[in-house]
Structures are given as C-alpha cells and as structure tokens.
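> Any chance you can model this:
(one chain, ligands or ions: 1)
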Amino acid sequence: MACEHVDVLIVGAGLSGVGAACHLRRTCPDKTYAVLEARDAIGGTWDLFRYPGVRSDSDMFTLGYSFKPWTNPRAIADGESIRAYVRDTAHEYGVDRHIRFHHRVLAARWDSATARWTVRAHRDDTGEDVTVTCGFLFVCSGYYRYDAGYTPDLPGVDSYTGRLVHPQHWPADLDHTGARVVVVGSGATAVTLVPALARRAAHVTMLQRSPTYVIALPSRDVLADALRRWLPAKAAYPVVRWKNVLLGTANFQLSRRAPTLVKRFLRRAAAGRLPAGYDVDRHFSPRYDPWDQRLCVAPDGDLFAAVGTGRADVVTDRIDTFTPTGIRLASGVELTADVVVTATGLDLLALGGMTLTVDGRDVDLGATVAYKGMMLSQVPNFAMTIGYTNASWTLKADLVATYVCRLLRHLDATGQQVVTPLAPTGGPLEPIIDLKAGYVLRSVDALPKQGASAPWRLHQNYVRDVLLMRHGRLTDAGVRFSRAPQASPTQRRDPAHPAGSGVG
Ligand SMILES: Cc1cc2nc3c(=O)[nH]c(=O)nc-3n(C[C@H](O)[C@H](O)[C@H](O)COP(=O)(O)OP(=O)(O)OC[C@H]3O[C@@H](n4cnc5c(N)ncnc54)[C@H](O)[C@@H]3O)c2cc1C
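Residues are numbered from 1 along each chain as shown. So this is what the prediction gives:
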C-alpha cells in the first residue's frame with residue numbers, strides 16, 4: 001500500500017477544491033499539498049451536469065474567484081464556460097499537476113500524538129486502496145451525492161413507455177427535437193431546462209406541486225460592460241463584484257425584513273412578463289417567504305418568454321399516476337409526454353460520504369457544531385467548505401480558504417501544530433443549512449449543527465464574514481491551539497524558517 005505525506009490534503013477538485021489549492025499556492029507556497037478527486041475531471045458540479053441550458057443562477061462576478069477575474073461578457077454563464085474557467089484557473093496556478101483523479105476518499109483517522117490524519121481513498125481505475133497522511137485535512141466535496149439524484153416515489157412509473165430522465169445524468173443521445181416533454185419540478189434546474197428544451201421540443205410542460213419565486217434578471221451586467229471598455233479586468237472585476245455583493249445583501253435583508261413588500265414586487269414583475277389574464281397567483285406565487293428557499297433566476301426572462309409564446313406552460317397540480325403515455329394528474333387532466341424529466345432535486349451528502357475518526361472515536365457528524373461555518377467541534381486540523389445559501393457559493397469558499405491559510409501560518413509562526421474547535425457552552429442548536437427546501441429537510445439530522453452566537457453561528461452575510469474571516473482574530477474562547485507530543489522535527493518548524501515538509 002503506497003503512503004505519502006503532504007502538509008494539506010484537499011478532497012475534491014470542484015470550484016471549491018481548485019480555489020482552495022490556488023489560495024494555498026498564493027499565500028502558503030511552502031506548504032505541500034495534493035487534491036484527491038473521485039471523478040476523472042476538474043469542475044465538480046460544472047462538469048457533472050450536462051442537461052440542455054445548464055448555467056449558473058448567480059452572477060459570475062461573485063461565483064468567480066476573488067483572485068481570478070471573470071472576463072466573459074455573460075454575467076449568468078453556461079456550464080461549459082464555468083467548467084473552462086475552473087480548469088483554466090487550475091492550470092494557471094499549477095494546481096492541475098497536484099490532482100489525483102479516480103481517488104474517492106472513504107475515511108480519515110486523526111492521531112493527536114503525531115498530529116496527523118491518515119486518509120484512505122479507493123482508486124476506481126486500478127481497484128486499489130491508497131493511504132495518504134497529512135497535517136491538515138480540507139474537505140471541498142460539495143454538498144450532494146454524485147452517483148444519483150433525488151427521485152421521489154412516482155406512482156405507476158413502471159407503466160410509462162416514454163423516456164424518463166434525471167437531469168443529473170442527462171443521456172448524451174437524447175434528441176428532444178419535436179418531442180412533447182414534461183419537466184417535473186419547480187427548482188432552479190426546472191426553471192433552466194424548460195426554456196432551453198422549448199427551443200426544439202414540440203411543447204414543454206413544467207409540472208410543479210407548488211410554485212417557486214422566479215425573477216427575471218439581465219444575463220449581462222451593464223456596469224461590467226461599461227467598465228470593461230475603460231479599465232483592465234483586474235481593476236473592473238472587484239468593483240462589479242462588490243456592487244453585486246451589496247445588491248444581493250440588500251435584496252436578502254429586504255426580503256427578511258419586509259417579505260410582503262418583496263412578495264408583491266416579485267409577483268408584479270412576473271405578471272408584467274406573462275400574457276394578460278395569466279393565473280400568476282396559481283403558478284408563480286409561492287406560499288413561503290422569499291429566501292426561505294433560493295430564488296430562481298430567469299436570465300432575460302427566458303422562462304416567461306417561453307410561456308408567453310405558448311412553447312411552454314406551467315401546470316400546478318399533483319401526480320395521480322404515470323400512464324403508458326404520460327402522467328395523469330390529481331385534477332384528472334392527462335399530460336402526454338415522449339420524455340419526462342424528473343427535475344426533483346439532489347440528495348445531500350456531507351463530506352462526500354467519508355467517515356472521520358479522532359483518536360479512535362468515530363465522529364458523529366450530526367452531533368458536531370460548526371465553528372465559523374467551516375470547522376467542526378472536537379475535530380482537529382480540519383476544515384470544510386459549505387457555501388452561502390443566500391449568495392454565491394464561491395464568496396464563502398474564498399473566505400474559508402483564506403482562513404485556513406491564516407490558521408496554517410499562525411501555527412507555523414507560534415511553533416504549534418494543532419488547532420481544535422471546542423464546543424459551544426450552551427444555547428440552542430440549529431441545522432447548519434437554514435433553507436426549508438426539501439433536499440435540506442430530508443437530511444438535516446445527518447448534518448453538523450450551528451450554535452446561537454459567534455463563533456458558532458453562520459451569519460450568511462458576506463460583509464460580516466469578510467471582517468470575521470479575513471481580518472478577525474484567530475484565537476478566541478471557541479478554539480484551542482496546541483503542540484503535538486510526538487510531532488516530527490519537520491512539523492516543529494522554526495518559526496523563522498518555515499520550510500515545507502514531506503512530498504507531494
Ligand atoms: C445545477 C447546479 C447549479 C448551481 N448553480 C449555482 C449558482 O448559480 N450559484 C451558486 O452559488 N451555487 C450554485 N450551485 C451550487 C454549486 O454546487 C456550487 O456553486 C459549487 O459548484 C460547489 O463547488 P464545490 O467544489 O464545493 O462542490 P462540487 O462542485 O460538488 O465539487 C465537489 C467535488 O468533490 C468531489 N468529491 C466528492 N466527494 C468526494 C470524495 N469522497 N472523495 C474525493 N472526491 C470527492 C466530487 O467528485 C466533485 O468533483 C449549483 C449546483 C447545481 C447542482
């Protein structure tokens with residue numbers, strides 16, 4: 001069994017893992033690192049999802065990395081452009097040379113005496129198990145299962161003779177030209193798919209149990225277009241990024257403080273883009289408040305336009321049963337379909353399914369509390385990236401990576417090897433993800449919790465987190481820094497000469 005040692009081991013080569021590695025290269029160039037990736041490609045989400053029209057919901061000025069300007073004129077970008085951006089970034093920073101593909105991490109064991117993680121991964125290309133040791137484990141495995149999406153019980157589905165497809169595994173050979181398509185679902189994926197499919201299909205129906213908030217936004221950014229003419233990308237990018245951060249934060253805060261006002265605004269905006277007499281309340285006015293679930297974006301109003309032209313429609317009803325030719329609804333209406341797409345969501349998976357053991361004790365993830373939204377109580381030298389639910393994922397991923405680099409430098413500077421979050425001293429605990437979406441509620445018990453106050457509370461507020469994570473103190477009552485009894489000479493660095501250790 002091969003065994004090597006690196007200072008930092010990153011799990012996952014998606015947007016977060018590649019970003020984490022770039023941050024290490026930029027601010028801790030003496031650290032050795034490797035990235036273990038289960039699949040055979042860089043990009044995670046943006047490589048896996050291949051359904052027609054796949055794109056971001058967020059603007060790329062905030063979904064992009066802080067250190068790598070997004071220069072494509074489209075602010076809401078297609079999956080292929082995002083994949084290329086992540087790959088280019090990995091190449092530019094030499095991160096691609098450190099990625100080990102086909103390595104699915106299964107388990108990690110922490111030993112306090114030596115201050116090391118022993119990480120076991122399975123190689124699906126050779127069938128062997130590989131062991132790597134590291135001083136710091138940084139998990140960037142995203143938040144959902146890759147092998148299967150979520151599909152609820154679909155009564156009578158076995159009798160259906162058409163094509164049944166889940167967007168997470170879009171068949172490359174599926175030609176929907178001239179087909180009658182039903183998309184089951186009302187989340188971001190359904191809202192993306194419906195107008196994209198409607199361009200070539202005979203007709204597309206979005207079948208939803210209940211409505212979602214959909215807001216039309218321009219796919220280009222006027223300020224970015226203007227600045228691009230006058231300023232170099234490196235100067236224009238942070239301006240547009242901060243403009244979008246502040247607008248997004250204001251939008252979220254207003255939704256929380258004056259939900260009725262925002263509801264009314266969203267309803268009026270949708271009605272203005274739909275044909276006269278359209279039943280907006282039935283199909284586009286959810287029962288929940290804005291931001292109880294993520295808002296869906298229709299770039300340039302594409303979904304409303306598809307409904308307006310009659311190429312697509314929205315049906316709000318319940319499935320009674322699948323039939324050989326389509327779906328019969330609770331209302332008795334029958335939808336005929338050559339293709340049914342189950343855009344019914346994802347299955348949450350914490351830490352990419354890996355298990356953690358600390359000094360022989362199995363870590364029960366559901367019983368841990370997240371420290372600053374990125375480390376776990378009683379789990380030493382460990383961080384994970386979970387992005388914002390109310391803003392772009394990468395805003396938080398960048399801050400988490402920055403904070404990890406600060407921690408590593410602090411350990412070196414103080415001649416210590418271990419950083420361990422303790423546990424909150426009381427107060428109520430809540431789920432770490434505060435959305436009321438079905439995919440969160442289904443898995444909430446298995447996820448880490450958050451506490452009532454800092455540093456155990458997630459604020460879902462980028463400006464506050466910048467102050468906390470980029471500039472805030474590293475030492476507080478919630479965390480302990482210490483020396484390892486049996487640290488190796490390379491781990492016990494002379495703070496004046498922090499040279500790298502190990503291979504990798
Ligand atoms: C269709 C879709 C659209 C989205 N749009 C947006 C958006 O517009 N804005 C936004 O903010 N967020 C969006 N998200 C959320 C999105 O997942 C994040 O934006 C971001 O891509 C997450 O990056 P990540 O690297 O953390 O995770 P992922 O992209 O999920 O990448 C994780 C990587 O880790 C690997 N991995 C997992 N487990 C293991 C393991 N045990 N061992 C080794 N490797 C492992 C995976 O193979 C994968 O490559 C979207 C999600 C989906 C599904």
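> Let me see the contact set for residue 350.
143, 365, 443, 446, 447, 448 (Cβ atoms under 8 Å, 6 or more residues apart in numbering). Just so you know, the C-beta spots here come from the backbone N, C-alpha and C atoms, and that holds for glycine as well.
> Smallest gap between the stretch 301-450 of the chain and the ligand, at which residue?
The stretch 301-450 of the chain approaches the ligand most closely through residue 352 (2.3 Å), counting by Cβ to the nearest ligand atom.
> pretty sure residue 469 is in a strand, no?
No. With DSSP: H, G, I helix; E, B strand; the rest coil as the criterion, residue 469 is located in helix rather than a strand.
> residues near it, how many?
Residues lying near residue 469 (other Cβ atoms under 10 Å) number 22.
> Of the contacts of residue 350 - the most surrounded one?
residue 448 leads those on contacts (other Cβ under 10 Å) with 26 neighbours.
> Now do the contacts for that one.
350, 365, 366, 368, 369, 370, 376, 432.
> Tell me the buried residues within those residues.
Listed as buried from the contacts of residue 448 are 350, 365, 368, 369, 370, 376, 432; burial here means 16 or more other Cβ atoms under 10 Å.
> Touching, residue 286 and residue 214? I think so.
No. Between residue 286 and residue 214 there is no contact under Cβ atoms under 8 Å: 9.6 Å.
> Would you mark the buried spots in stretch 194-205?
In stretch 194-205, counting by 16+ other Cβ under 10 Å, buried: 194, 195, 196, 197, 198, 201, 203, 204, 205.
> Select the longest helix from the chain.
Of all segments of type helix in the chain, defined using DSSP state H, the longest is helix 233-257.
> Whichever helix or strand comes after that one to helix 233-257, inter-axis angle?
Using DSSP states H and E, the helix or strand that follows helix 233-257 in sequence is helix 259-273. Put simply, helix 259-273 runs at 120 degrees to helix 233-257, going by axes from the mean of the first three to the mean of the last three Cα atoms, to 10 degrees.
> Can you tell me which residues in this structure are near the ligand?
11-17, 36-39, 44-45, 49, 56-58, 63, 104-105, 140-142, 146, 189, 352-354, 385, 387, 392-393 (Cβ under 6 Å from any ligand atom).
> hmm, try it at 5 Å
Neighbours of the ligand within the chain, by Cβ under 5 Å from any ligand atom: 11-12, 14-16, 37-39, 44-45, 49, 56-58, 104-105, 141-142, 352, 354, 392-393.
> Residue 262: how many residues sit nearby?
Neighbour tally, residue 262, other Cβ under 10 Å: 20.
> mind listing what's buried in the longest helix of the chain?
So, applying 16+ other Cβ under 10 Å, buried residues of helix 233-257: 236, 237, 240, 241, 243, 244, 245, 248, 249, 251, 252, 255.
> now, among those, which is nearest to the ligand?
Of all those, residue 248 has the smallest distance to the ligand: 10.5 Å, by Cβ to the nearest ligand atom.
> pLDDT score assigned to the closest residue to that closest one other than its chain neighbours?
Leaving aside its sequence neighbours, residue 248 sits nearest to residue 391 (Cβ to Cβ, 6 or more residues apart in numbering; 5.2 Å). pLDDT recorded at residue 391 is 93.
> does residue 391 sit in a helix or strand, and which one?
According to DSSP H and E, residue 391 maps onto no helix or strand at all.
> I'd guess residue 52 is in a strand, am I close?
No. Remark: residue 52 does not belong to a strand; assigned using three-state DSSP, it is coil.
> Find me whatever residue is spatially closest to the residue of the stretch 301-450 of the chain closest to the ligand, sequence neighbours aside.
Using Cβ to Cβ, 6+ apart, the nearest residue to residue 352 is residue 141, at 3.0 Å.
> Does the one you found belong to a helix, a strand or coil?
Following three-state DSSP, residue 141 is assigned to coil.
> Show the model's pLDDT score for it.
98.
> check contacts around it.
Contacts of residue 141 (Cβ under 8 Å, 6+ apart): 11, 12, 17, 105, 349, 351, 352, 354, 384.
> Quickly note the distance from the residue in the stretch 101-250 of the chain positioned nearest to the ligand to residue 385.
Among all residues of the stretch 101-250 of the chain, residue 142 sits closest to the ligand, at 2.2 Å; criterion: Cβ to the nearest ligand atom. Separation of residue 142 from residue 385 (Cβ to Cβ, to the nearest Å): 8 Å.
> In terms of neighbours, single out the busier of those two.
Ranked by neighbour count (other Cβ under 10 Å), residue 142 and residue 385 place residue 385 first, with 30 against 24.
> how near is the more buried one to residue 302?
Distance from residue 385 to residue 302, by Cβ to Cβ: 31 Å.
> Repeat that for residue 443.
31 Å.
> Residue 229 now?
27 Å.
> Settle it for me: which of the two has more neighbours?
Remark: of residue 229 and residue 302, residue 302 carries more neighbours, 22 against 7, as counted by other Cβ under 10 Å.
> looking at it, that one is touching residue 199, isn't it?
No. Residue 302 lies out of contact with residue 199 (Cβ under 8 Å); the separation is 9.6 Å.
> right, and residue 43 touches residue 14 too?
Yes. In this structure, residue 43 is within contact of residue 14 by Cβ under 8 Å, at 6.3 Å.
> Now for the two: what residues contact both?
residue 86.
> quick one: residue 136 is in a strand?
Yes. Counting by three-state DSSP, one finds residue 136 located in a strand.
> Return the set of residues that bridge with it.
residue 8 (DSSP bridges).
> Where does pLDDT dip in the protein?
1-2, 435-437, 439, 489-490, 492-504 (pLDDT under 70).
> Let's see that with 80 instead.
Low-confidence segments of the chain, defined by pLDDT under 80: 1-2, 426-427, 433-444, 486-504.
> just so I have it, where are all the helices in the stretch 251-400 of the chain?
259-273, 280-284, 302-309, 393-414 (DSSP state H, counting those that start in this stretch).
> repeat for the stretch 51-200 of the chain
Secondary structure of the stretch 51-200 of the chain by DSSP H, counting those that start in this stretch: the helices cover 60-63, 79-92, 188-198.
> mind putting these in TSV, distance to residue 277 included?
TSV is the format used below for the helices of the stretch 51-200 of the chain (distance: least, Cβ to Cβ, whole Å):
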stretch	distance to residue 277
helix 60-63	37
helix 79-92	36
helix 188-198	21
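> The closest residue to residue 409 other than its chain neighbours - how many residues pack around it?
Spatial nearest neighbour of residue 409, excluding adjacent residues (Cβ to Cβ, 6+ apart): residue 28 at 6.5 Å. Other residues near residue 28 come to 21 when the count uses other Cβ under 10 Å.
> Next, count neighbours for the closest residue to residue 382 other than its chain neighbours.
In space, and not counting its chain neighbours, residue 382 is closest to residue 137: 5.0 Å by Cβ to Cβ, 6+ apart. Residues near residue 137, counting by other Cβ under 10 Å, number 25.
> and residue 137, what does it touch?
Contacts for residue 137 were tallied using Cβ under 8 Å, 6+ apart; they are 8, 9, 11, 108, 117, 119, 381, 382, 383.
> Please apply the same query to residue 300.
Here residue 300 is in contact with 216, 217, 218, 219 (Cβ under 8 Å, 6+ apart).
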